[in-house]
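Enquirer: Need the 3D shape of this:
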Amino acid sequence: MKLIFAIVNNDDAHNVSTALTRGGFSATKLASTGGFLMAGNTTFMICCENVAVDGVIAIIAQNSRKRKQYMPNDAAVAISAESAPASYPVEVSVGGATVFVTDIERFEKL
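Expert: Predicted coordinates for the structure are as follows:
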């Protein structure tokens, strides 16, 4: 058995959840926050047989999309207020999914 942790953007969480249910997989959803942009995510915990792992990951991939977002550029540190450079937003890629697959010794649904 495998335990899949899938971290997806909140914008994609409903589609991922619906697709997993339609695929016959149950998942536990946890609210989580990303460390880089401090944006809301949903972490899914899915337990499945080894042969189903690729199918679960395919469902997650099909329902999680990457998107572009602009964020303030805080990388430039000014020495003084008079020499502070203009701060321009930086485009970053967000979304998609981060997936971890681990072995699980025992799983019970009580």
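Enquirer: So which residues of the chain form strands?
Expert: In the chain, the strands defined using DSSP state E lie at 2-9, 28-33, 40-48, 66-71, 90-95, 97-103.
Enquirer: tell me the mean pLDDT over the fourth one?
Expert: I take that to be strand 66-71. Taken as a whole, strand 66-71 has an average pLDDT of 70.
Enquirer: And the third one, by the same measure?
Expert: Per-residue pLDDT values over strand 40-48 give a mean of 93.
Enquirer: Compare the strands of the chain and give me the one nearest R22.
Expert: Closest to R22 of the strands of the chain is strand 40-48 (C-beta to C-beta; 13.7 Å). Backbone N, C-alpha and C define where each C-beta goes, glycine included.
Enquirer: Packing partners of that closest one?
Expert: strand 2-9, helix 10-22, strand 28-33, helix 53-62 (3 or more C-beta pairs under 8 Å, 6 or more residues apart in numbering; DSSP states H and E).
Enquirer: Would you single out the least confident of those?
Expert: Lowest mean pLDDT of the helices and strands packed on strand 40-48: strand 28-33, a mean of 90.
Enquirer: All set now, cheers.
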